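1. below are the sequence and a predicted model for it; my questions follow.
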Amino acid sequence: MHFGPHLLLAALEGLVTSAVLALTALGLSLVFGVMRVVNVAHGEFFMLGAVLAWAITTAIGGHPALGFLAALVIAPLIVGTIALIAEQLVLRRLNYNPEATIVATIGMLYIIQQLALTFYGPEARPVEPPFSYRILLPWFGYSGYKLSVIAASALLLIATWLVLTRTKIGLIMRATQYDSETAQAFGIPVDRVYGGVFALGAMLAAVAAVLIVPISQAHYLMGQDPLLLSFIVVIIGGLGSLRGTVVAAVLIGLSDGIISMFFSPTLAKIIATLLVAMVLVFRPQGLFGTVSR
Amino acid sequence: MADKNGFFDLSKTALTRRTALKGLAAGAGLAVAPGFVRYAQAQSSAPIKIGFQSHRTGIGAAYGRWYEKTTAAAIKAINAAGGINGRQVEVIIEDDGTDPGRGAEVVGKFATQHKTDIVFGTLFSHVVIGSAPAAGEAKIPYFVVSEGHHVASTKLNRYVFQPGITDVKSQIQAMAPWIAGNVGKKVTMIFPDFAFGYDHRDYLPPALKAQGADVIAQIAIPPTESSFTKYFPQIPAETEVLYHVMVGPAVLTFVKELGEFYGSNRPQLFGFMDSLEATDINSPGLEFLDGSHFWEGSPRYAQPDDSAAQKAYRAAVGIDDNGAAVGDPKDISTASHMFGCWETLYVVKKAMEDAGYKGPEDRAKLVEATEALTEFAEGPEHPQGPKTFNGKIHQCFGIQNISKVEGGKLKVVHKTKIEDGLYEAEGDYTTQAL
């Protein structure tokens, strides 16, 4: 294959990775930014989203688009509820102590993962895409659904940004992030904000998973990779910075796509990790993060 | 960082004399707990204990579940027929997480804690390679059902056997003439980047070369990869046959993306069933495989010429004509491999009977008795087909099936002969000390 089409394919693949990564990492970044909680179980909420998408599409049947749309709405809601319960039962009782919550979310990771293994099983199960249109380029064919994932993710990111910057809920969240004690003094129910943010973070991961599951199947161990990549993205972009997260996700996704296609996937991972190290050394707050006070 | 909650303050939880006494009492209690009770009487009445190293979790979990089902069925049949040397057989299962490090621990646990007579049942090659030294150290016979060439390579040790399933080197050698003659001569390989994949990487090119065909590109894919389109541009345009061996949950993605990339204008495909074990070949996206060929150890779908033994075996394990669990058509078996559990257990039975095996003190005798075996006739104990056994390299040789995907089913179109898969021994385990 010639260089041009090769690069185009690499860029398309990279953009699909970026799109899903941006949503997942944004969830992680929000939770850390507002609550200062490093949520190690984030990848498992992603996995839950995919597993639920399989369950919902299987239960509904009929035209694949019908089940998929239902999954796109219902799966994140269920995952959000589970996250909310976990937040109330565990994190709140630890007073969001940074060290204790890391250990607690590691525990949640294993509990969710093993419950999925017990009730869902070890198989990888496919979800049919809502439509299967193959775009025929002169050099290769490409999945139309993959392109729609990029578009859907962009829309969701814009929606999240609008909520954060243009609504009262967003204002409250930003106030809590800026200074939770002062926010509380001004009558903001910080506990409820925390619960909501944790649920929202998990829902973003779940939506990303529902989008990706018609491409890669639902499997109980699928949460590990997104977790690692999300941490990489969040560190590079700057914790708690929406813009940084999106930019870093596009950067990591594209470089992963292009480097792994022209060189090797291992090299892509090495470079991403090296980038994290460089960022930590020279700009510990991340590319777009602000120095914490 | 301030230790507000006193996590690190030991003074609060100092060990009192009372706590220490409680701990001691609990320890003493454990020692007399049921698991530690030994059979006081002679071994004659105690069951033979088989430690089953199962991939219950991790990437091998789908295989592990069916290996357990097949093993349970075989043990039930063996016990119903009077057990081994008149003793009942008991299986103790430990999960290895499909992880080599954990695998070695499990072997150690079987040898020292459960005191099983043998260890059995491992599939994934990296777990076998990781666990074999522990078996050799504990001098406990380790019967694997793995398909990798590592046992036959004689690079492991005298306690490791693979008598129930053929190895990749033999499979490839047996099938190469058919591939070169019927599918195509310019072959591109896609294989997983670990031990099992390397067997394919190393043995396919010479086997094809001998048939006048060539491997023109080799693409290694990390076993945890979840997206494959990025590898496809590496497939040379002149490729006639795409030889694919993928393991793990992402295989559906692999096939689907291959379909999107090529459309109907694809090279011929030849794959190893390992890719699609426990996966319905009628899953969305897999239509792309229609008309392609697969290696099958034992056919998933019932074939018109199935022997009575094959039918009885399928009924005992509980799989229907489509290779799915009886009563759950969505629960697809790992038919290509799990027959190896059944056959291995009957080899163990035969060897234990030949050795007059009484207990762990006879393990060396069991090793020698297994090495002395040469042939397994096709029948209820060996439903996949006849096999020969080379005691020097601890490996069996048998027939291979090549199946074609037709109308959503796999139809066997060619069966190789045992001789097709024989090769020169690369070493001799029997020269190693016991």
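-> Yep, it's here.
2. could you use CA atoms for every contact and neighbour count after this?
-> Will do.
3. can you dump the C-alpha coordinates of the helix or strand hosting residue A:86 into CSV?
-> Taking DSSP states H and E as the criterion, residue A:86 maps to helix A:64-86. Output of helix A:64-86 as CSV, limited to C-alpha atoms (Å, rounded to 0.1, in the frame of the first residue of the first chain):
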residue,chain,number,x,y,z
PRO,A,64,-29.9,-4.0,15.7
ALA,A,65,-30.3,-0.2,15.7
LEU,A,66,-33.2,-0.5,18.1
GLY,A,67,-31.3,-2.5,20.8
PHE,A,68,-28.2,-0.3,20.3
LEU,A,69,-30.1,2.9,20.9
ALA,A,70,-31.7,1.5,23.9
ALA,A,71,-28.3,0.4,25.2
LEU,A,72,-26.9,3.8,24.5
VAL,A,73,-29.4,5.3,26.9
ILE,A,74,-30.0,2.5,29.5
ALA,A,75,-26.5,1.1,30.0
PRO,A,76,-25.0,4.4,31.1
LEU,A,77,-27.9,5.0,33.5
ILE,A,78,-27.5,1.7,35.1
VAL,A,79,-23.7,2.1,35.4
GLY,A,80,-24.3,5.6,36.8
THR,A,81,-26.6,4.2,39.5
ILE,A,82,-24.1,1.5,40.4
ALA,A,83,-21.4,4.2,40.7
LEU,A,84,-23.6,6.4,42.8
ILE,A,85,-24.3,3.5,45.2
ALA,A,86,-20.6,2.6,45.3
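4. who touches that helix?
-> A:45, A:48-49, A:52-53, A:56-58, A:60-61, A:128-131, A:195-196, A:198-200, A:202-204, A:206-207, A:210-211 (CA atoms under 8 Å, 6 or more residues apart in numbering or on different chains).
5. tell me the pLDDT at the one residue in the stretch 201-350 of chain B that gets nearest to chain A?
-> Residue nearest to chain A within the stretch 201-350 of chain B (CA to the nearest CA): residue B:261, separated by 4.6 Å. Model confidence at residue B:261, given as pLDDT, is 89.
6. one more: residue A:165?
-> Among the per-residue scores, residue A:165 shows a pLDDT of 89.
7. next up, the contacts around it.
-> Applying CA under 8 Å, 6+ apart, we find residue A:165 in contact with residue A:171.
8. what number of residues lie near residue B:305?
-> 8 (other CA atoms under 10 Å in any protein chain shown).
9. next, give phi and psi for the nearest residue to residue B:87 once chain neighbours are set aside.
-> Spatial nearest neighbour of residue B:87, excluding adjacent residues (CA to CA, 6 or more residues apart in numbering or on different chains): residue B:47 at 5.5 Å. Here is the backbone geometry of residue B:47 (degrees, to the nearest 10): phi -70, psi 150.
10. over to residue A:234?
-> Here is the backbone geometry of residue A:234 (degrees, to the nearest 10): phi -70, psi -40.
11. show me chain B divided up by domain.
-> Residue ranges for the domains of chain B, per automatic domain parsing: B:48-167+B:339-398+B:427-431, B:168-304+B:402-415.
12. how long is the first one from one end to the other?
-> Between the opening and closing residues of domain B:48-167+B:339-398+B:427-431 we find a distance of 28 Å, counting by CA to CA, to the nearest Å.
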